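J.: got a structure for you, letters missing:
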């Protein structure tokens, strides 16, 4: 007896999909055009990704295209090593509203950076 709630169907032909990868990133730099960050998951060049930035009350979701991804280093965590990738993403389909939200985040980051300069 099958215990599934819904019946599954075999797929005929070529059907593609994608998975949204949830992983924390360490942002190295950011502009209205794109960003550079570190991540523990490998992202393929020319793949699409979604970056959700949350800084204080400001939140913006950005679609991007991976233009560069390379292994930067490995970090030891307990008795295991974890790869760290450096990824460059170019933002795509950036609406005026999202561009404005991103600019607010960049301005906030600049302000924080200026206040910590000696």
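T.: Good, I have the coordinates. Note that the coordinates shown come from a computational prediction; the quantities given were computed from them, not determined experimentally.
J.: now stretch 46-59, how far from the chain's geometric center?
T.: Counting by CA atoms, centre = their mean, to the nearest Å, stretch 46-59 is centred 6 Å from the centre of its parent chain.
J.: now do stretch 63-76
T.: Centre to centre, stretch against its chain (CA atoms, centre = their mean), the figure for stretch 63-76 is 10 Å.
J.: let me see the mean pLDDT of that stretch.
T.: The average pLDDT for stretch 63-76 rounds to 94.
J.: and stretch 104-116, by the same measure?
T.: Regarding stretch 104-116, the rounded mean pLDDT is 78.
J.: show me which residues of that stretch are buried.
T.: residue 105 (16 or more other CB atoms under 10 Å). The way it works is simple: take the backbone N, C-alpha and C, and place the C-beta from them, glycine included.
J.: show residues contacting that stretch.
T.: 30, 31, 32, 53, 55, 56, 58, 60 (CB atoms under 8 Å, 6 or more residues apart in numbering).
J.: identify the residue nearest the last one in space, chain neighbours excluded?
T.: Read it as residue 60. residue 101 (4.1 Å; CB to CB, 6 or more residues apart in numbering).
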